[in-house]
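>>> curious how this folds, go ahead:
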Amino acid sequence: MAAYIGGRKNAELVTVGPYSITRNPLYFFSTIGAIGIGLMFGSLVLAATSGAFIYSILMMTALKEAAFLRTAFGQDYDEYASRTPLLWPNPSRYRDHSNGNFSQRTLKRTFLDGLYFLAIFPAVELVEYLHDAAILPILWRLY
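As a prediction, this is how the structure comes out:
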């Protein structure tokens, strides 16, 4: 998403690339990620709970952002919103443009921010190892 919106957020209405299939691609995939983190722990309950929690927070945020964008871009946003789902992607609506310009600085910063998600994998493995070795007690189970 950074390649499409990086450096242009709130300055222009981006309606191509991932923003052509959903108005909030980052929120959609963050919800999927929250579900995945729960599944990494091997718990359907944690997956469902974390997914529902993140979904509700991001949906409220998306609605507030939609109100701002409607004010900022008026009829252009209304037309975009009428054909593009708020959260659930519609891949058949995908459109792109031939202009491949993007901010390398923004892309690099986004990549580095994404590394935090990768840090979850060894953290989960460490907790599992400490449980298996009886070093860290299991206080409760969610499933």
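>>> the chain: helices as residue ranges?
In the chain, the helices defined using DSSP state H lie at 2-5, 25-40, 44-73, 75-83, 104-132.
>>> name the helices or strands packed onto the longest one?
Helices and strands touching helix 44-73, by 3 or more Cβ pairs under 8 Å, 6 or more residues apart in numbering; DSSP states H and E, are helix 25-40, helix 75-83. Yep, even glycine has a C-beta here, placed from its N, CA and C like the rest.
>>> same check, this time on the last one
Contacting helix 104-132 under the criterion 3+ Cβ pairs under 8 Å, 6+ apart are the following elements: helix 2-5, helix 25-40.
>>> out of the helices and strands packed on helix 44-73, nearest to Leu115?
Leu115 sits nearest to helix 25-40 of all the helices and strands packed on helix 44-73, at 13.7 Å, using Cβ to Cβ.
>>> show residues contacting the closest one.
1, 18-19, 22, 44-51, 53-55, 58-59, 61-62, 87-89, 117, 120-121, 124 (Cβ atoms under 8 Å, 6 or more residues apart in numbering).
>>> go through the helices and strands packed on helix 104-132 and find the least confident stretch.
Of all the helices and strands packed on helix 104-132, the minimum mean pLDDT falls on helix 2-5 (a mean of 51).
>>> any low-confidence regions in this protein?
For the chain, the stretches flagged by pLDDT under 70 are 1-10, 98-104, 106-107, 110, 142-143.
>>> apply 80 and report the result again.
By pLDDT under 80, the low-scoring segments of the chain are 1-11, 41, 97-114, 117, 140-143.
>>> sorry, back to before: adding distance to Arg83 and mean neighbour count, write the helices and strands packed on helix 104-132 out as TSV.
Converted to TSV, these look like this (distance: least, Cβ to Cβ, whole Å; neighbours: other Cβ atoms under 10 Å):
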stretch	distance to Arg83	mean neighbour count
helix 2-5	17	18
helix 25-40	15	18
